[in-house]
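>>> I need the structure of the sequence given here:
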Amino acid sequence: RAVFDEDYWIAYRNINKKFAQDTLGALRNLPQDPDNVPLVWIHDYHLMLAATTIRQVAEEEDIPCKIGFFLHIPFPPWDMIKIFPWHDLILQGILGCDLVGFHIEDYCINFIDCCQRGLGCRVDRGGMLVEHGGRTVRVRPLPISIPYARFHQMALDAPDSNWTDLKVILAVDRLDYTKGLVNRFKAFERLLSVYPEFLEKVMLFQVAVPSRTDVKEYQELKEHIDKVVGQINGRFSTARWSPIRYIYGCIPQSELAGFYRDADVALITPLRDGMNLVAKEFVACRTREPGVLVLSPFAGAGRMMHEALLVNPYEMGNVANVLARALKMPHDEREVRMNALRSREKVHDVDFWMKSYLKAIGTLTEEDGEDVLPTQMQPVQLEDFEDYLGKYVGQDSILSLLLDYDGTLSPIAPHPDLATIPPETKKILERLANMPDVFIAVISGRSVNNVKAMVDIEGITYAGNHGLEIIHPDGTRFTHPMPTELEDKVGVLLQQLQEECCKDGAWVENKGVLLTYHFRNVPVDKREPIVTRARELIKAAGFNIGNAHCALESKPPVSWDKGRASIYILRTAFGVDWSDRIRIIYAGDDVTDEDAMSALKGMAFSFRVVSSNLTQTAADMRLPSTDSVLCLLRWVEKHMAERKPKQSNNRGISPQNNNHQPTSSVVHIPDTL
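Okay, here's the model as predicted:
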């Protein structure tokens, strides 16, 4: 049962921000050396958001650094993580790093799958790469280990455990519900019941280290374990022997090393565990007789310690049978298995793990060789869109392309007049506009006349001011009514913004019914006061504030946006039953496009062009740049050209089917549309 508390989430974000700020302070104090870029290495689930802040500020202040992350627990599959209300922020926080490390490949696969399905990121599963914010993030399995030599020496120095002639099964865990202690005790009880020859000859020695003792659930778990241990000991104990010796407390490592060395079997059966280093410690300490390692496959160690005997901790009979096998195992088999385990762990110790991580992130340049896996995503290919859209678009439906302009069809430019469509993009759009089964609408924040002039393609729909103004292919126009009381305030607000806020490179774009205050060219350290004042003026004038790329938009307080406009355009073009016959692709790059992506969710396939490291989106997939939008259009042209021609076209408005006389009008659209 999952319980989510927003107050805890806010506290978690604040703690991550605090760690990020302190890290940035340390980075600022370092001397900048281009040959020695500092590494920020973030560990575990406590700090999964910190990288976003570190990267954003470091890029703004031009502080060079590499950021790595390592998760010490399992990463869950998509079906589990999607339950978490803020999973998209968690995933993007981790993707703020250059390298993301997990214990085993399974966790890597889960993470990559979540990035694709939860964020719409483009991924390379074979190369273990994720594209996010225009960067390639490497994902690598890098299993952690122990200081092998240190444990080996402690075992040599440790005193005898004095366990007489009993066969000893050793278990060492934190007292935690993930460790499966109750299941373990019940499996041991099954062993004594099914194999009575072990009565008075074997002992389960369980060390349970206290954990989270102030948490009610852990207190209840301890009480339950105490009860189970008491029941088993009460059932089987004799005057000379008790089957379970249970220690609730901490034992020094020097003493624990002797237990590892002298036990006959190590029983390590967590229900879920990132790695479980106890298994490795047991192996490192086998300096005398070879023991037997019984291990759960649900620990990361179970995927690499192949010579261990694997058991399913949920299946009591299986554990009991394998324990019996371990207790009876011949010396030569024990020796072969343990020697193989020791040889591997001796090489792959904690120093090997650290160097492997640093090499993977590119810090140990003197040790960098050719990586087996690629380090950069390939540019977006036509095959990517075939995977995304091939089945969705199909062979029969009309395809409607709804496209934003700035940052989607045209790269973002310092001034709107400089943002022009690349020639190849325009040529493809012109060819698509002449295809009978393709409908195109460009929906922009620009004025409708401006966006029409910038695109300059006949036979398509243009929507300006986020859909407040629309020109259909046949010349018919739609203008959403402006509240009368605001019509005179636009000029006043324009003058106020120009007088008070147009400084240090800031300026105002007059779009008629909308004003856009641009501050892209304002130095970062001078933005806050003038942007704050601009917000105050827009709000005081009675307009809503829309956030754009380094810009503020004054929007009339009407229930109309790109989402409403998109549905209106589709309904006007194809009739009220358009959703049954049309396949829709929407592409945009701005927060205003989210209104359309949300409105069309489930009825369209949407793409968000994302260059930021932290962007929440309703889009189905993310694209890194306008170049990838060009690739999308290439795929659309190829796919539609290869389809068999249809007998007829029953579309509404189109260059071939002109049902409306060109008029200029103001149309009122009911809120229920």
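
>>> Nearest the middle, which residue of the chain would you pick?
residue 91 (2.4 Å; CA atoms, centre = their mean).

>>> residues in contact with that residue?
Applying CB atoms under 8 Å, 6 or more residues apart in numbering, we find residue 91 in contact with 81, 114-115, 118-119. C-beta coordinates here come from the backbone N, C-alpha and C atoms, glycine included.

>>> How about residue 289?
264, 334.

>>> Would you mind measuring from it to residue 333?
13 Å (CB to CB, to the nearest Å).

>>> for the top helix by length along the chain, which positions count as buried?
In the chain, with assignment by DSSP state H, the single longest helix is helix 6-28. For helix 6-28, a neighbour-count test (16 or more other CB atoms under 10 Å) marks 12, 16, 19-20, 23-24, 27 as buried.

>>> same thing with stretch 296-315?
296, 298-305, 307-313.

>>> just stretch 607-625 next, same as before
Residues of stretch 607-625 classed as buried: 607-611, 613-615, 617-625 (neighbour count, 16+ other CB under 10 Å).

>>> same thing with stretch 452-460?
452, 454-455, 457, 459-460.

>>> right, and the pair among those with maximum separation?
Using CB to CB, those span at most 16.2 Å, a distance reached by 454 and 459.

>>> what's the first-to-last distance across stretch 134-145?
33 Å (CA to CA, to the nearest Å).

>>> Which stretches in the stretch 101-250 of the chain count as helices?
105-119, 148-157, 181-194, 216-236 (DSSP state H, counting those that start in this stretch).

>>> Using CSV, please lay out those helices together with mean neighbour count.
Formatted as CSV, those follow (neighbours: other CB atoms under 10 Å):
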stretch, mean neighbour count
helix 105-119, 20
helix 148-157, 18
helix 181-194, 21
helix 216-236, 14
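
>>> Show me the one of these that comes nearest residue 556.
helix 105-119 (32.8 Å).

>>> Please name every helix or strand in contact with that closest one.
helix 78-81, helix 87-94, strand 99-102, strand 123-124, strand 129-132, strand 135-141 (3 or more CB pairs under 8 Å, 6 or more residues apart in numbering; DSSP states H and E).

>>> tell me the most buried of these?
A comparison of those by mean neighbour count, using mean count of other CB atoms under 10 Å, puts strand 99-102 on top with a mean of 27.

>>> wait, isn't residue 258 in contact with residue 155?
Yes. Here residue 258 reaches residue 155: they are 7.0 Å apart, a contact under CB atoms under 8 Å.

>>> Quick check: next helix or strand after the helix or strand of the chain with the lowest mean pLDDT?
Least confident element among the helices and strands of the chain, by mean pLDDT, DSSP states H and E: helix 484-487 (a mean of 72). Downstream of helix 484-487, the next assigned helix or strand under DSSP states H and E is helix 489-500.

>>> Residues contacting that next one, please?
Counting by CB under 8 Å, 6+ apart, 508, 510, 512-513, 515, 517, 530, 533-534, 537-538, 541-543, 554 sit against helix 489-500.

>>> Ok, stretch 562-581 next?
397-398, 400, 402, 439, 441, 443, 461, 463, 466-468, 470, 472, 478, 582, 584, 586, 588, 592-593, 595-600, 603, 650-654, 669, 673.

>>> now do stretch 422-429
By CB under 8 Å, 6+ apart, the list of residues contacting stretch 422-429 from outside reads 409-411, 421, 440, 455-457, 460, 626, 629-630, 633-634, 637.

>>> List the buried residues of it.
425-426, 428-429.

>>> for it, what is the average pLDDT?
If you average the pLDDT over stretch 422-429, you get 96.

>>> gap between it and the chain center?
Between the centre of stretch 422-429 and the centre of its chain there are 33 Å (CA atoms, centre = their mean, to the nearest Å).

>>> Then stretch 247-267?
39 Å.

>>> returning to that earlier point: the helix or strand immediately after the longest helix of the chain in the chain vs helix 6-28, what angle?
As assigned by DSSP H and E, the chain's next helix or strand after helix 6-28 is strand 39-43. Interaxial angle, strand 39-43 versus helix 6-28 (axes from the mean of the first three to the mean of the last three CA atoms, to 10 degrees): 160 degrees.

>>> Tell me the helices and strands packed up against strand 39-43.
Looks like strand 39-43 contacts helix 50-60, strand 66-70, helix 350-361 (3+ CB pairs under 8 Å, 6+ apart).

>>> For the helix or strand that the longest one is followed by, C-alpha coordinates in CSV please.
From helix 350-361 onward toward the C-terminus, using DSSP H and E, the following helix or strand is helix 382-393. Included here for helix 382-393 are C-alpha records, laid out as CSV according to Å, rounded to 0.1, in the frame of the first residue of the first chain:
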residue,chain,number,x,y,z
LEU,A,382,13.2,8.1,-40.0
GLU,A,383,13.1,4.7,-38.4
ASP,A,384,12.4,6.3,-35.0
PHE,A,385,9.2,7.9,-36.3
GLU,A,386,8.2,4.6,-38.0
ASP,A,387,8.3,3.1,-34.6
TYR,A,388,6.4,5.9,-33.0
LEU,A,389,3.8,6.6,-35.7
GLY,A,390,3.7,3.8,-38.3
LYS,A,391,0.8,1.8,-36.8
TYR,A,392,-1.0,5.0,-35.5
VAL,A,393,-1.1,6.8,-38.9
